[in-house]
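Novice: my questions concern the predicted model and sequence given below.
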Amino acid sequence: MARVPGGLAALLLVTICLNFGNGLHVEVFNQAAKNDHLSNQNSKIRQKREWIVPPARVLEEDDSVTRKPIAKITSDHAYELGVVITYTISGQGVTEPPYGLFVINGKTGELSITKRVDREKTPMFLVRGHALDQNGRKMEEPIDLTIQVDDINDNYPVFSEKVFIGSVEELSESGTLVMRINATDADEPNNLNSKIAFKILQNSNSFSILKNTGEIITSTLYLDREVNYTLLYWLFPRVLTTLYQP
């Protein structure tokens, strides 16, 4: 067998590695930075099809995200002479409800969102990108892109009951548990936007409430059974106030 010069063998190896890397790529643009542009290399992340593609992120109820692409899909074949690539997308917000939410520029591969989104309705979308030749044939294996909707504090907390009824024995010790009130918030769980703090607004001399749990306890030894105590209480999204933060 004829020996191949060392330099030629190295060149052959590099060529094989480069050709093996062909595929679809996704660039995710940073929507959080107000001054990012497509030409700013720091504002995008380029990932090959074989790697995990980071999610594109949009802020719920934000109209500004409709003014520029949120991601870009590119095929390595697009850099070959005489090859014309058309990019399409499918999945949630395209071929599945809600229809028409995402669109793609067939020539550039730039993926855009057409309207504001509500995280409480759909916290995440899965879109699949495709690269087709001039005859509509598949040029690459499809690539999946997750689009995550970031939460804002756009929901007020709601009590689980209209009226809470509790009881306690007369002359009970201070600190005795009377009842617990409950409330929920539709914003993202385990997020500051969904944290709730409680406060008693009236008749607080005889009772107090634990701001984080909603537990109402006695504050005095001299509760009178013949008196009907009515409490007016309120709750706050903790992100809107610093008074009740731990």
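Specialist: It's in.
Novice: for the protein, which segments count as helices?
Specialist: Along the chain, counting by DSSP state H, helices occupy 6-20.
Novice: shaky segments in it?
Specialist: 1-22, 30-52, 203-204, 222, 224-246 (pLDDT under 70).
Novice: show me what contacts residue 91?
Specialist: 125-128 (Cβ atoms under 8 Å, 6 or more residues apart in numbering). Heads up, the C-betas are built off the backbone N, CA and C, glycines and all.
Novice: then residue 124?
Specialist: Per Cβ under 8 Å, 6+ apart, neighbours of residue 124: 55, 146-149.
Novice: mind listing the residues bridging to it?
Specialist: Beta-bridge partners recorded for residue 124 (DSSP bridges): residue 148.
Novice: and residue 57, how many neighbours?
Specialist: Residue 57 has 17 neighbouring residues, counting by other Cβ atoms under 10 Å.
Novice: hmm, I typed the wrong one, I wanted residue 151.
Specialist: 21.
Novice: how close does residue 106 sit to residue 120?
Specialist: Distance of residue 106 to residue 120, computed by Cβ to Cβ, to the nearest Å: 32 Å.
Novice: for residue 67, same thing?
Specialist: For residue 67, the distance to residue 120 - Cβ to Cβ - is 24 Å.
Novice: which of those two has more neighbours?
Specialist: residue 120 (14 against 8).
Novice: as TSV, the contacts of residue 91 with distance to residue 162 would be great.
Specialist: Output for those, formatted as TSV (distance: Cβ to Cβ, whole Å):
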residue	distance to residue 162
125	36
126	40
127	42
128	46
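Novice: of the residues you listed - the most surrounded one?
Specialist: residue 127 (25 neighbours).
Novice: residues near the residue nearest to residue 186 when sequence neighbours are not counted, how many?
Specialist: Counting by Cβ to Cβ, 6 or more residues apart in numbering, residue 155 is the residue found nearest to residue 186 once chain neighbours are left out, at 4.2 Å. Other residues within reach of residue 155, judged by other Cβ under 10 Å, total 17.
Novice: show me what contacts residue 155?
Specialist: Neighbours of residue 155 in contact, by Cβ under 8 Å, 6+ apart: 120, 185-187, 193.
Novice: go through the residues you listed and name the one nearest residue 135.
Specialist: residue 120 (43.2 Å; Cβ to Cβ).
Novice: from the contacts of residue 91, which single one is nearest residue 219?
Specialist: residue 125 (49.9 Å).
Novice: right, and residue 199 touches residue 210 too?
Specialist: No - here residue 199 does not reach residue 210: they are 10.6 Å apart, not a contact under Cβ atoms under 8 Å.
Novice: what is in contact with those two at once?
Specialist: What both residue 199 and residue 210 touch, as defined by Cβ under 8 Å, 6+ apart, is an empty set.
Novice: list the buried residues in stretch 160-170.
Specialist: 164, 168 (16 or more other Cβ atoms under 10 Å).
Novice: run through who's touching it.
Specialist: 176-179, 181-184, 216, 218, 223-225.
Novice: what subset of those residues is buried?
Specialist: Here, 16+ other Cβ under 10 Å leaves 178-179, 181, 183, 216, 218, 223 buried among the contacts of stretch 160-170.
Novice: which of the residues you listed sit farthest apart?
Specialist: Going by Cβ to Cβ, the pair spanning the buried ones among the contacts of stretch 160-170 furthest: 183 and 223, at 25.3 Å.
Novice: on that earlier part again, which of the contacts of residue 155 sits closest to residue 88?
Specialist: Among the contacts of residue 155, and counting by Cβ to Cβ, the member closest to residue 88 is residue 120, at 29.6 Å.
Novice: and the gap between that closest one and residue 90?
Specialist: Taking Cβ to Cβ, one finds residue 120 at 25 Å from residue 90.
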